[in-house]
Each structure stands twice: as structure tokens, then as C-alpha cells.
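*Asks:* Just to be clear, the model below is a prediction. Sequence and coordinates:
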Amino acid sequence: MLFHSLQPLLKRNQDHSFSSVSLHCHDVNSLLRKLGADLSVIQDSILIGCSDRGHAHFCLDLAAVDAAAVEEESGGKFVDLRKSYFLLSESKAPLVAKSQALLRWHQTHRFCSCSGKLTQRNRAGSHRFTAGTQNYSYPQMSPVVIALVHDGTRCLLGRQASFPPGLYSALAGFCDMGESVEESVRREVAEEAGLEVLSVTYSSSQHWPFPNSSFMIGCFAAVSPAHSQLSVDRSELEDARWFDLEQIERGLSVRTPPRRGAPAVTWFPPKHAIGHRLISEWAELQRRHMTSR
Ligand SMILES: NC(=O)C1=CN([C@@H]2O[C@H](COP(=O)(O)OP(=O)(O)OC[C@H]3O[C@@H](n4cnc5c(N)ncnc54)[C@H](O)[C@@H]3O)[C@@H](O)[C@H]2O)C=CC1
Ligand SMILES: [Mg+2]
């Protein structure tokens, strides 16, 4: 899987969907040869895993090669990761995200944080070390809690000023050193919405490549309907509101992201974001709860 300055190489399929360009090692070799590039860059490839059939998969950043020439030869295009993530299918996006995260980690950990000396990678690229020392470093993710707050009949969504217009998601925040997941959820919800969480239930998790490499821990957080008055921290969130099931269903039905120039609508993160998963899980539970009453 090829990248250029951390942008994955994508191609448009005949059905207009997008996929990442996967080339065999000898194809990469001949591509580099054609472009007159240094063939030894292939040794910078990082192992990302094995297919079910036991084929090893690697990623490689061709930052030292002319991007336009690679695009022309391969018929693909290097696309910014945030854009790629939403162009790719739910099954393809995580591998591209993982590859970019590993490449980024290697590019930003060239020096030992203890001695300042240059570090080396092991052959697979699973860690780096400082020659002659016991200093090893491994790729890292920052834990982030993402909590869908609910009060029995409504759930709480917020938006940061940096989100695209109309996009609302569950509240999220980085875990502080030493905190448990439950403590992080209680603190984030108290800080951002001024609410007291009564109980936290784990839902699911995902690796999220933004802003660097986050480990998203998805939870539901229950608050009392009698104490659901919001006090929103406007320095963190531009807005936060309670949504009932009908409003959530309307948001889930919006094609994301809405076309530029389309009328303003409220919409939610795309399917492969954990925010979407939490919102649709809550809607499903709520529907079941309403039909059983
Ligand atoms: N996958 C999904 O559905 C969603 C993912 N997210 C992700 O969750 C992340 C965290 O949410 P925020 O509300 O922005 O967090 P937040 O509420 O903790 O605020 C962000 C601030 O936390 C500080 N911070 C503390 N530790 C940090 C670290 N390890 N790396 C970077 N900044 C750190 C920085 O000052 C940063 O500006 C976002 O970057 C976003 O990409 C957010 C919503 C939905
Ligand atoms: Mg936050």
C-alpha cells in the first residue's frame, strides 16, 4: 500500500467507489525503476499484517519520489487521509488508517527520547531501538473516551466549531494520565456539558487516525432526567443539545456529508466512525424499548 507524505494512493473503481492501490513488490520495483528512483526505498516498507491466505502486506511512503509521476504510472491519486477515510468502504478504511499511523509513528520517532541519538527500526517495523542500549519504543495510541450521554428518552450530541456545518457527534475527550475509562467519561461529560453521570456502560472501541492515533473507547453514559439541564463549555463545544428518537432517526437518514450548497441539516459521523455506531445502537435500543412498552 503506497503513500506519499502520509497520503494514501487511492483509485476510483468502475462502480465509482474508491479503493487503496495495492501493488505487488515486483510492481513497486518496476514502477521505481521506470521513474529512475532509488530502489532501496523498498526496504523502508513496514509490515502491516498478513492476509487470510498468509500473504504479507506492507506499507511504504514514497515521499522521496515525485508524487505526480507515481500517480501517472499507477493510475491512482494520493489523497489526504481525512478525505480518504470517508471515500473508502467501511472494510478498507481501517487498514489504510493503521498503515498511515505506523508510517507517521516511524517518521516522528527517528530520535531516542532518552539520549537524543538516532534510532533504528527492526526489520518488520514493529518497534524502534537505539543501538547499543536497551531503549526500545513501540507505536502508541492515545486513549480517548467517546460517550453517548442519555437520560432515558433523549441522547446528547455536541459539535466543535471545527466540525463541518451541521455535524453533531457524541462527546469525546482524551483520557488523563492515571484515569480509568469511567473516570474519564465522568470528567469529560461534567467539563463539556455540566452533567453528572450516574453509570457508564462499555459499548465498543476503534482505532481512529485523527489527530494522530487515538484509541477510541465507546461508552453509554446515563444521567438523571431530573438533572439534565446543560451547562455547555463553549470553549470546547460550539453547541450541545438533547435529541429525541425522531430527531436521531432523521439525522441517521441524511446522506453524509451533505452536498455543498444543500440546505442546512443536522447529520452524524459516517458509518465507520464509532460515533455513528453509538448513535445507531442507542436508536435501536430506544426503538425496542418503545415497542415493548
Ligand atoms: N471516531 C469518532 O466517531 C469521533 C472521534 N473523535 C476524536 O476524538 C478526539 C478527542 O476529542 P476532543 O473533543 O478533541 O478531545 P478533548 O475534549 O480532550 O479536547 C482536545 C484537547 O485535549 C488536549 N489533549 C490532551 N491529551 C491529548 C493527546 N494525547 N493528544 C492530543 N490532544 C490532547 C489538547 O489540548 C486538545 O486540544 C478528537 O481528536 C477526534 O478526532 C471525536 C468525536 C467522534
Ligand atoms: Mg471533547
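*Replies:* Sure, I can see it. In this text, all values refer to a predicted model and were calculated from it rather than measured experimentally. Ligands and ions are numbered 1, 2, ... in the order given.

*Asks:* Kindly state the beta-bridge partners for the residue nearest the centre of the chain.
*Replies:* Among the residues of the chain, the one closest to the centroid is residue 208, at 2.4 Å (CA atoms, centre = their mean). Here residue 208 sits in beta bridges with residue 214, going by DSSP bridges.

*Asks:* ok, now how distant is the residue of the chain found nearest ligand 1 from ligand 2?
*Replies:* Relative to ligand 1, the nearest point of the chain is residue 275 (2.8 Å; CB to the nearest ligand atom). Where you see a C-beta, it was placed from the backbone N, CA and C, and this is true even at glycine. Distance of residue 275 to ligand 2, computed by CB to the ion, to the nearest Å: 12 Å.

*Asks:* That residue should be in a helix, yeah?
*Replies:* Yes. Judged by DSSP: H, G, I helix; E, B strand; the rest coil, residue 275 forms part of a helix.

*Asks:* how about the helices of this structure, start to end?
*Replies:* Per DSSP state H, the chain carries helices over the ranges 25-34, 67-74, 81-87, 93-108, 181-193, 245-252, 274-292.

*Asks:* Out of those helices, name the one with the poorest average pLDDT.
*Replies:* With a mean of 88, helix 81-87 has the lowest mean pLDDT of those.

*Asks:* List the buried residues in it.
*Replies:* Burial within helix 81-87, assessed by neighbour count using 16 or more other CB atoms under 10 Å, is assigned to 81, 84, 85, 86, 87.

*Asks:* and stretch 51-67, which residues are buried?
*Replies:* Quick answer for stretch 51-67 (16+ other CB under 10 Å): 58, 59, 60, 61, 62, 65.

*Asks:* and which of those is nearest to residue 18?
*Replies:* residue 59 (17.1 Å; CB to CB).

*Asks:* quick one, what contacts the closest residue to the closest one other than its chain neighbours?
*Replies:* In space, and not counting its chain neighbours, residue 59 is closest to residue 99: 3.6 Å by CB to CB, 6 or more residues apart in numbering. Counting by CB atoms under 8 Å, 6 or more residues apart in numbering, residue 99 touches 1, 3, 8, 46, 48, 59.

*Asks:* export the helices of the chain to a markdown table and tack on distance to residue 114?
*Replies:* Formatted as a markdown table, the helices of the chain follow (distance: least, CB to CB, whole Å):
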| stretch | distance to residue 114 |
| --- | --- |
| helix 25-34 | 35 |
| helix 67-74 | 35 |
| helix 81-87 | 30 |
| helix 93-108 | 16 |
| helix 181-193 | 29 |
| helix 245-252 | 48 |
| helix 274-292 | 35 |
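
*Asks:* Thought residue 234 was touching residue 160, still the case?
*Replies:* No. Applying CB atoms under 8 Å, one finds residue 160 not in contact with residue 234, separated by 10.8 Å.

*Asks:* Could you pull out the residues contacting both of those two?
*Replies:* Counting by CB under 8 Å, 6+ apart, nothing touches both residue 160 and residue 234.

*Asks:* The two - which one has more neighbours?
*Replies:* Each of residue 160 and residue 234 has its neighbours counted (other CB atoms under 10 Å); residue 160 has more, 13 against 10.

*Asks:* list the contacts for that one?
*Replies:* Listed by CB under 8 Å, 6+ apart, the contact set of residue 160 reads 236, 237, 238.

*Asks:* Pull up the gap between it and ligand 2, please.
*Replies:* 7 Å.

*Asks:* on contacts alone, who are the packing partners of the lowest-mean-pLDDT helix or strand in the chain?
*Replies:* Least confident helix or strand of the chain, by mean pLDDT, DSSP states H and E, is helix 81-87 with a mean of 88. With contacts taken as 3 or more CB pairs under 8 Å, 6 or more residues apart in numbering; DSSP states H and E, helix 81-87 sits against strand 7-12, strand 18-20, helix 93-108.

*Asks:* any chance of these in CSV, plus distance to ligand 1?
*Replies:* Below are the helices and strands packed on helix 81-87 laid out as CSV (distance: least, CB to the nearest ligand atom, whole Å):
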stretch, distance to ligand 1
strand 7-12, 18
strand 18-20, 20
helix 93-108, 11
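
*Asks:* what's around residue 184, how many residues?
*Replies:* Other residues near residue 184 number 21, with proximity taken as other CB under 10 Å.

*Asks:* Poorly predicted segments of this protein, please.
*Replies:* Applying pLDDT under 70 to the chain picks out residues 256.

*Asks:* So it: which segments form each domain?
*Replies:* Taking automatic domain parsing as the reference, the chain has its domains at 2-108, 142-292.

*Asks:* of those, which approaches residue 126 most closely?
*Replies:* domain 2-108 (7.1 Å).
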